[in-house]
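**Q** coordinates only, sequence not included:
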RNA sequence: GGCCCUAUCGUCUAGCGGCUAGGACGCCAGGUUCUCAUCCUGGAAACCCGGGUUCGAUUCCCGGUAGGGUCACCA
């Protein structure tokens, strides 16, 4: 029984963009801490001076914050600012004889002799309990007296991790499966400095479709790339939580708060999980549907896209929004569709071949002319307050003459396209005046 | 290759000795207003193999196979 408050950590190395796997690890650490009323610590592992960059650190912080993850006091611990602490521990170990300085040729340039610090390996078997996988045993003999510092001033990863986890009172180390084999040597260091062993939980890896580790060659791996495509934070959190964790029920949609309430290490999967863009996209569509019209409009930056068109008006954009919403899963899809002209009809008189007005069952396009005229007459007195109202004015006529015969030319006259939203919606978006004008335009086109 | 981890539909997963092996994404078919999209309904689709243990194994144990991770003076 331990009643210590739960403290987890997210220790990214600022040597690259915020990886989706790092995001998932951070999420699980956050959820676990929240669930148990504890907190997460953010620690920048920037001991590799050559590769660490402050801009990467900023991107990581911005990304995790954007998703709604929080850490203790908004504090950023940096290992590069803690060398004095590591030095103290190093000196203690050397004094105790559990570590020693060793003069040897540098690995970078074998010409140079340097003095690294090695841990005196007791060469024993280490068994630890993984909260997800159970007991894991390693024989540490093959590790030898491994290097824990380049010099007394320059401690290496395994050492800094162990010292920091100890100093910061980390109770649960929740990290990727790729760290399993690092655990025994870290435990050896722990025992050397007299630190208590935290609980360990190793998460399954997120895999590319070919089951290998996710990397650039498989497409996007950085959070920012998904952000740019228009993935909403709710979708990212929700999808990532379900990649490797299961609520044990059929529920699929979870807010961050709900996840924090439900999360449980016992329901974490052991095997690696393939990142499925399609299902991820499906989640995004779901959360897009939850956006208000104003939010959707801002999200799409829709005005920017359409404001240059001759008939642009906010009123029409307003009416067009539901149509856009049901046809996209991401902002990127919207941009592609908009560029392809799918929503052009709303703000510009369409140009099209006369022959497009011909319904497939008609002999000639001329058959459509009288129907267009009749439609115009019906719509002159129609209610345009909703697509359903427009439908009410036309439907009896369409049933009488034939749905395709009436609806097809109407739709083409209003959209100028082979594929488009239904004609009632088109008419509703355009309004009475413009609808009549386009019907007349189509009629004249046939006549000419 | 050594060490370690893992193994249910194509994918994410439920299952914790006895189930017609459930759900979701995707796919296919049908329906809802002509087209597209949405939506609805239905369908195809899985326990890696071999030994045990047991009255009974998808489930427990062992072995094999396959996949993954890791073997730095990176993190």
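**A** Now that the structure is in, tell me what you want to look at. None of the values given here were measured: they were computed from a predicted structure.
**Q** walk me through the domains of chain A.
**A** According to automatic domain parsing, chain A is divided into the following domains: A:7-73+A:205-278, A:82-203, A:291-346, A:354-447.
**Q** including mean neighbour count, could the ones you listed go into JSON lines?
**A** (C-beta placed from N, C-alpha, C; glycine too.) Conversion of these to JSON lines gives the following (neighbours: other Cβ atoms under 10 Å):
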{"stretch": "domain A:7-73+A:205-278", "mean neighbour count": "18"}
{"stretch": "domain A:82-203", "mean neighbour count": "16"}
{"stretch": "domain A:291-346", "mean neighbour count": "16"}
{"stretch": "domain A:354-447", "mean neighbour count": "18"}
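**Q** let's have the ones you listed in a markdown table, adding distance to residue A:284.
**A** Formatted as a markdown table, the domains of chain A follow (distance: least, Cβ to Cβ, whole Å):
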| stretch | distance to residue A:284 |
| --- | --- |
| domain A:7-73+A:205-278 | 4 |
| domain A:82-203 | 23 |
| domain A:291-346 | 5 |
| domain A:354-447 | 21 |
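**Q** so residue A:88 is in which element?
**A** helix A:83-96 (DSSP states H and E).
**Q** which secondary structure elements does that helix sit against?
**A** If you count contacts as 3 or more Cβ pairs under 8 Å, 6 or more residues apart in numbering; DSSP states H and E, helix A:83-96 packs onto strand A:99-105, strand A:113-119, strand A:147-151, strand A:154-155, helix A:157-167, helix A:183-193.
**Q** residue A:349: which of the ones you listed is closest?
**A** Judged by Cβ to Cβ, the one of the helices and strands packed on helix A:83-96 that comes nearest to residue A:349 is helix A:157-167, at 64.9 Å.
**Q** ok, now which ones touch the closest residue to residue A:178 other than its chain neighbours?
**A** Among residues not flanking residue A:178 along the chain, residue A:205 sits closest, at 6.6 Å (Cβ to Cβ, 6 or more residues apart in numbering). Under the criterion of Cβ atoms under 8 Å, 6 or more residues apart in numbering, the neighbours of residue A:205 are A:21, A:176, A:177, A:178, A:213, A:214, A:272, A:273.
**Q** let's see it at 10 Å
**A** Residue A:205 makes contact with A:21, A:24, A:176-178, A:211-214, A:244, A:271-273, according to Cβ atoms under 10 Å, 6 or more residues apart in numbering.
**Q** do the strand or helix carrying residue A:42 and RNA strand B meet at all?
**A** Applying DSSP H and E as the criterion places residue A:42 in strand A:39-44. No. Residues of strand A:39-44 are not located near RNA strand B by Cβ under 7 Å from any atom of the strand, the shortest gap being 8.5 Å.
**Q** partners of that strand in the sheet?
**A** Its sheet considered, strand A:39-44 pairs with strand A:7-10 (parallel), strand A:76-78 (parallel) by DSSP bridges.
**Q** could the helices and strands packed on helix A:83-96 be laid out in JSON lines, adding mean pLDDT and distance to residue A:60?
**A** Output for the helices and strands packed on helix A:83-96, formatted as JSON lines (pLDDT from 0 to 100; distance: least, Cβ to Cβ, whole Å):
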{"stretch": "strand A:99-105", "mean pLDDT": "96", "distance to residue A:60": "32"}
{"stretch": "strand A:113-119", "mean pLDDT": "96", "distance to residue A:60": "29"}
{"stretch": "strand A:147-151", "mean pLDDT": "97", "distance to residue A:60": "25"}
{"stretch": "strand A:154-155", "mean pLDDT": "96", "distance to residue A:60": "22"}
{"stretch": "helix A:157-167", "mean pLDDT": "98", "distance to residue A:60": "17"}
{"stretch": "helix A:183-193", "mean pLDDT": "98", "distance to residue A:60": "22"}
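**Q** possible to save these as a markdown table with distance to residue A:290?
**A** Below are the helices and strands packed on helix A:83-96 laid out as a markdown table (distance: least, Cβ to Cβ, whole Å):
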| stretch | distance to residue A:290 |
| --- | --- |
| strand A:99-105 | 56 |
| strand A:113-119 | 53 |
| strand A:147-151 | 50 |
| strand A:154-155 | 48 |
| helix A:157-167 | 39 |
| helix A:183-193 | 41 |
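**Q** how about the strands in the stretch 151-300 of chain A?
**A** Taking DSSP state E, counting those that start in this stretch to define them, one finds strands in the stretch 151-300 of chain A at A:154-155, A:172-176, A:199-203, A:206-207, A:273-274.
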